[in-house]
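Novice: A predicted structure for the sequence below; I have some questions about it.
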Amino acid sequence: MFVAGNNPIEKIKAEKDGLDILQEIDKIAAEGYDKISAADVERLKWIGAFLRKKRPGYFMIRIRITGGRANSKQVRAIAQISEQLGNGVLDITTRQQVELRAIKIESVPQILKDLQDVDLNAFQTGLDNIRNVNTCPISGLNPNEVLDAYPQAVEFTDVFLKNKEYTNLPHKMNVTITGCQDNCTHPESQDIGLVPALKMGSGPIEKGFNVLVGGKMGSGGFYNAKDLDVFVQPEDAAKICSEIALLFRDFGFRDERTKCRLSFLIQDWGIEKFRAELHSRWKAKYGGSLSRAEADQRSDDGTNHLGIHPQRQPGLYFAGLSIPVGRVTAKQMLELARLAEFYGSGEIRFTPQQNVILTYIPREKIEALKEEPLLSQLSPAPGPLTLGLVSCVGIDYCNLALIETKGIAVQVVAELEKRLGKENISSLRMHWSGCEAACANHHTADIGLQGIKANIDDRIVDAVHIFVGGKTGKNARSGEKIMELVPVTMLPDVLELIIRNMALLKKVRRNTEAEKRVVMVPMDYAA
Ligand code: HEM
Ligand code: SF4
């Protein structure tokens, strides 16, 4: 068993389990915001309530939606909570979750109950917990997938949710379990990534997962997950994830916060030692040996599943609708629920690209769906830059943000699509993070923007560092930083130049031997 580490969050967890706050929430809510201790502000993250320091007295509630799959009843409940107890603004996150804004602590018990009534929850969505388990948002519908991994995502979630064996990890854990070949959940950046694999023995081909471990994004930079050299059948998927989480719990580093992710344990031990330790725990608990990795079925590309496409079920279609930068109003959510019921199965799926998918639409209803007014806002065929646009929350609500992100991202992309002509540009993934924490995964985007403040003649302005050439998939790599401190007002000009030269810039690589920095300065601004 682990020993508590030496950092402020470890001290808070050592005093009592974060989940215990659930028993105290009625009292905390009754006493009001002013009485909440600093330690309880952190503990509230175990039940999904995040104080937004930028808006004193107001919380964000992060709703866990396993694999992004929700139904119209749940979406309607979320929209109603937002209208009645929040500010009518909702954010879809890159972990397929939904965030409620501007919530008072007095409302939290009622919201937890309302969520429970529709089989939703917000537990363990922050701090040192296993975060929302991601899976391909068209799992079970995709004609090309190796297997539908949603049942395994649910099974693993059932293991750790409200289970105190898993509520004091050294840091957060991001997990994806996917049978999709198209890397839509970027498994290479997750702490645990189960990816589709086929075992081709002498008997029938077996479908299952290879296991990747120790991926991460963030201030220490992107770290490509290591191949654990393990193949698991679907029935063992939840077990292998649980054992990796417990190994991390027991041996993960617990001192310097920035060095606590699983990645650092694996870098320290080496992947062979990590595998050997996992193997001996597996043997002791389940008997038998861990199998070696089998044929990895991932393609080399990423996708976002936007547009209207046939499902594997004959005559039925799914509609992937773009939500620019993931922000919707409660009214739009209510309308989505109506459309899902009227045209499809009532299901609504959220994607890791902050978009939404309606499912099981009969062929004969597609034309009418396309004519719905909501689809002029949330389009199945957005512009080439809009469809790959992802943004973190930025300065609107995040106290760590250095710049505004969502609004400026939408403006800049609209301007670029106008200047370049939608028909002249190939689609690309542009991700905006408001600071170096990199919550929008900007390191793996075609164009990644990281917010920073710049000083121009003693005037502090919003600016970005620009990264180009990031890639998800089997051969994932981090983008190269090609420009620093570019004021956001210059972005339409600078990004126009970059996009025009994208093919070349994607090849730019730092000369690591000489540690030579490649900095591009457009001629107009060189003076
Ligand atoms: C320096 C470490 C980090 C800090 C302090 C941090 C902080 C935050 C904060 C404050 C938010 C909530 C903003 C809001 O919606 O109001 C957030 C959201 C988020 N962050 Fe980070 N973050 C960090 C690192 C990362 C990393 C490395 C990733 C992985 C890519 C990540 C992924 C996310 C995601 C996906 C969300 C949206 C909520 C969700 O679905 O989980 N963050 N982060
Ligand atoms: S990247 Fe920075 S600004 Fe954006 S949500 Fe994460 S911590 Fe906040």
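Specialist: Noted; the coordinates are in hand. Ligands and ions are numbered 1, 2, ... in the order given.
Novice: show me what contacts whichever residue of the stretch 151-300 of the chain sits closest to ligand 1?
Specialist: Proximity of the stretch 151-300 of the chain to ligand 1 (CB to the nearest ligand atom) peaks at residue 218, 2.8 Å away. Placement of C-beta: from N, CA and C, glycine included. Going by CB atoms under 8 Å, 6 or more residues apart in numbering, residue 218 touches 261, 436-438.
Novice: again, only this time at 6 Å
Specialist: 437-438 (CB atoms under 6 Å, 6 or more residues apart in numbering).
Novice: can you check residue 100 too?
Specialist: The contact partners of residue 100, by CB under 6 Å, 6+ apart, come to 61, 82, 86.
Novice: Now do the end-to-end distance for stretch 95-108.
Specialist: 22 Å (CA to CA, to the nearest Å).
Novice: buried stuff in that stretch?
Specialist: 95-103, 105, 107-108 (16 or more other CB atoms under 10 Å).
Novice: tell me the phi and psi of residue 89?
Specialist: Note on residue 89: backbone dihedrals following degrees, to the nearest 10 are phi -110, psi 130.
Novice: Distance-wise, check it relative to residue 393.
Specialist: 10 Å (CB to CB, to the nearest Å).
Novice: Between the two, tell me which one has more neighbours.
Specialist: residue 393 (24 against 16; other CB atoms under 10 Å).
Novice: Stretch 342-351: which residues count as buried?
Specialist: Within stretch 342-351, the residues that count as buried by 16+ other CB under 10 Å are 343-344, 346-351.
Novice: Show me which of those is closest to ligand 2.
Specialist: Distances from ligand 2 to the buried residues of stretch 342-351, taken as CB to the nearest ligand atom, are shortest for residue 350 (17.3 Å).
Novice: Hmm, the closest one is touching residue 95, no?
Specialist: No - with contact defined as CB atoms under 6 Å, residue 350 and residue 95 do not form a contacting pair (9.2 Å).
Novice: Nearest to residue 49 among the buried residues of stretch 95-108?
Specialist: residue 108 (5.4 Å; CB to CB).
Novice: Which helix or strand contains that closest one?
Specialist: Using DSSP states H and E, residue 108 falls within helix 108-117.
Novice: Quick one: residues contacting residue 451.
Specialist: Taking CB under 6 Å, 6+ apart as the test, what residue 451 contacts is 402-403, 434-435, 464.
Novice: Could you check the one helix or strand residue 409 maps to and say which residues are buried?
Specialist: According to DSSP H and E, residue 409 maps onto helix 406-420. Neighbour-count burial for helix 406-420, counted by 16+ other CB under 10 Å, picks out 406, 408-410, 412-413, 415-417, 420.
Novice: per-residue pLDDT, the closest residue to ligand 2 within the stretch 151-300 of the chain?
Specialist: Nearest residue of the stretch 151-300 of the chain to ligand 2: residue 218, at 8.8 Å (CB to the nearest ligand atom). We have a pLDDT of 72 for residue 218.
Novice: domain ranges for this structure?
Specialist: 8-115, 150-296, 307-377, 388-526 (automatic domain parsing).
Novice: restrict the buried residues of stretch 95-108 to contacts with ligand 1.
Specialist: Filtering these for neighbours of ligand 1 using CB under 6 Å from any ligand atom leaves 95, 97, 99.
Novice: so who does residue 59 touch?
Specialist: Contacts of residue 59 by CB under 6 Å, 6+ apart are 49-51, 103.
Novice: So which of the residues you listed wins on neighbours?
Specialist: Among the contacts of residue 59, the one with the most neighbours (other CB under 10 Å) is residue 49, at 28 neighbours.
Novice: Phi, psi for it please.
Specialist: According to degrees, to the nearest 10, residue 49 has phi -110, psi 120.
Novice: now the helix holding residue 409, how far from the chain's geometric center?
Specialist: In terms of CA atoms, centre = their mean, to the nearest Å, the centre of helix 406-420 is set 23 Å apart from its chain centre.
Novice: Stretch 7-18 now?
Specialist: Distance of stretch 7-18 from its chain centroid, counting by CA atoms, centre = their mean, is 26 Å.
Novice: Equivalent analysis for stretch 45-59, please.
Specialist: Distance, centroid of stretch 45-59 to centroid of chain: 19 Å (CA atoms, centre = their mean).
Novice: before we move on, what about stretch 476-486?
Specialist: Distance, centroid of stretch 476-486 to centroid of chain: 20 Å (CA atoms, centre = their mean).
Novice: Give the rounded mean pLDDT of it.
Specialist: 93.
Novice: Disregarding flanking residues, what is the spatial nearest neighbour of residue 152?
Specialist: Nearest-residue entry for residue 152: residue 237, 4.0 Å, with adjacent residues in sequence omitted and distances by CB to CB, 6 or more residues apart in numbering.
Novice: Just confirm that neighbour is within a strand.
Specialist: No - using DSSP: H, G, I helix; E, B strand; the rest coil, the assignment for residue 237 is helix, not a strand.
Novice: from what I can see it touches residue 153, true?
Specialist: No - contact criterion CB under 6 Å: residue 237 and residue 153 do not qualify, at 8.6 Å.
Novice: any common contacting residues for those two?
Specialist: Common contact partners of residue 237 and residue 153 (CB under 6 Å, 6+ apart): residue 177.
Novice: Next step: the buried residues of stretch 95-108 restricted to strands.
Specialist: Among those, the members falling in strands are 98-103 (criterion: DSSP state E).
Novice: can you count the residues close to the closest residue to residue 126 other than its chain neighbours?
Specialist: Among residues not flanking residue 126 along the chain, residue 45 sits closest, at 3.1 Å (CB to CB, 6+ apart). Other residues within reach of residue 45, judged by other CB under 10 Å, total 21.
Novice: picking that back up, please tell me how far the residue of the stretch 151-300 of the chain closest to ligand 2 sits from residue 354.
Specialist: 19 Å.
Novice: same deal with residue 210?
Specialist: Distance from residue 210 to residue 354, by CB to CB: 27 Å.
Novice: Any stretches of this protein with poor pLDDT?
Specialist: In the predicted model, the chain carries pLDDT under 70 at residues 219, 511-527.
Novice: between whichever strand or helix holds residue 28 and helix 108-117, how big is the angle?
Specialist: Assessed by DSSP H and E, residue 28 sits inside helix 21-31. Helix 21-31 and helix 108-117 are oriented at 130 degrees to each other (axes from the mean of the first three to the mean of the last three CA atoms, to 10 degrees).
Novice: Would you mind listing the buried residues in helix 21-31?
Specialist: Using 16+ other CB under 10 Å as the test for burial, helix 21-31 gives 21-22, 25, 28-29.
Novice: about what we covered before: residue 237 and residue 153: which is more packed in?
Specialist: Shown here are residue 237 and residue 153; by other CB under 10 Å, residue 153 has more neighbours (30 against 22).
Novice: how about the residues of the protein near ligand 2?
Specialist: Residues of the chain lying near ligand 2 (CB under 6 Å from any ligand atom): 392-394, 398, 400-401, 433-435, 437-439.
Novice: Selecting buried members of the residues you listed in ChimeraX, what would you type?
Specialist: In ChimeraX, this line selects whichever of the residues of the chain next to ligand 2 come out buried by 16+ other CB under 10 Å:
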select :392,393,394,398,400,401,433,434,435,437,438,439
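Novice: Out of the residues of the chain next to ligand 2, which sit inside strands?
Specialist: Secondary structure from DSSP E places residue 433 of these in strands.
Novice: Now distance to residue 143 too, for the residues of the chain next to ligand 2, in JSON lines please.
Specialist: Shown next, in JSON lines, are these (distance: CB to CB, whole Å):
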{"residue": "392", "distance to residue 143": "33"}
{"residue": "393", "distance to residue 143": "35"}
{"residue": "394", "distance to residue 143": "37"}
{"residue": "398", "distance to residue 143": "39"}
{"residue": "400", "distance to residue 143": "41"}
{"residue": "401", "distance to residue 143": "40"}
{"residue": "433", "distance to residue 143": "34"}
{"residue": "434", "distance to residue 143": "38"}
{"residue": "435", "distance to residue 143": "40"}
{"residue": "437", "distance to residue 143": "37"}
{"residue": "438", "distance to residue 143": "33"}
{"residue": "439", "distance to residue 143": "32"}
